[in-house]
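>>> Below is the sequence, then the predicted model.
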Amino acid sequence: MSGDEHQTLGALLVRLEAQEKQIAAQAEAAHEQITQLTALLDGLAQAADHIAITRKTLLNLPDEVPPATTPTVVVPEGPAYQQILAVFADTDAPLRARNVCEAMDLPLTPNNINNIRTKLKRLTRHGILTEIAPGQFTTAQPLPTGEPTAAPLTPDKRMNQT
């Protein structure tokens, strides 16, 4: 081998080594891009899975939402309670036991007023009436509809009511 061939061969080896380094750098850059794209692809796949799960969950929900149930009001039995409710149905103002006795045409005796007060307190415990101030009652909610309203008590029935 002559000297010119050595230099040519040496120069060729240097150029090949430079090309090899350049290709290795390009391969490394491509490998980094692949890593970034793979992470992006994994994130997109996970987001698509979440959307699919959400869609499946929504499709499994019932078509109609059941209507909210209103609590049923339990009115104590007895014609006196029906008469009291009729008195409150006819007014928007708060009433005292004495006012209710007057509206029911009951004699204003302490016994009658105390009996009506007791019934008003019981209706308050049932959530039908509200005591807005000591001894003053008003309706807590719309009064039950469809309840028969008893006629005013006759004097002989007044004595037997409890």
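Arrived safely.

>>> Could you pull out the buried residues of whatever helix or strand residue 137 lives in?
Secondary structure from DSSP states H and E places residue 137 in strand 136-139. Buried residues in strand 136-139, defined by neighbour count with 16 or more other CB atoms under 10 Å: 137-139. All C-beta atoms are positioned from the backbone trio N, CA, C, and that covers glycine.

>>> what's the answer for stretch 36-50, then?
Quick answer for stretch 36-50: no buried residues (16+ other CB under 10 Å).

>>> Give me the distance between that stretch and the centre of its chain.
35 Å (CA atoms, centre = their mean, to the nearest Å).

>>> For that stretch, the averaged confidence score.
For stretch 36-50, mean pLDDT rounds to 93.

>>> Correct me if wrong, but residue 108 is in a helix.
No: according to DSSP: H, G, I helix; E, B strand; the rest coil, residue 108 belongs to no helix; its state is coil.

>>> That one contacts residue 98, correct?
Yes: contact status for residue 108 versus residue 98: in contact at 6.4 Å, counting by CB atoms under 8 Å.

>>> Comparing these two, which residue is more hemmed in?
The residue with more neighbours, out of residue 108 and residue 98, is residue 98; 15 against 10, by other CB atoms under 10 Å.

>>> so that one touches residue 112, yeah?
No: applying CB under 8 Å as the test, residue 98 and residue 112 come out as separate, 9.3 Å apart.

>>> which residues in the chain form strands?
Here the chain has its strands, by DSSP state E, at 129-133, 136-139.

>>> Reformat the ones you listed as JSON lines; add distance to residue 82 and mean pLDDT.
What follows is these, written out as JSON lines (distance: least, CB to CB, whole Å; pLDDT from 0 to 100):
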{"stretch": "strand 129-133", "distance to residue 82": "14", "mean pLDDT": "90"}
{"stretch": "strand 136-139", "distance to residue 82": "14", "mean pLDDT": "91"}
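
>>> got TSV for those, with distance to residue 53 too?
Below are these laid out as TSV (distance: least, CB to CB, whole Å):
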stretch	distance to residue 53
strand 129-133	48
strand 136-139	49
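
>>> can you tell me which of those strands comes nearest to residue 46?
Residue 46 lies closest to strand 129-133 among these, at 55.2 Å (CB to CB).

>>> what's the closest one in contact with?
Applying CB atoms under 8 Å, 6 or more residues apart in numbering, the contact partners of strand 129-133 are 88, 94, 120-121, 123-124, 137-140.
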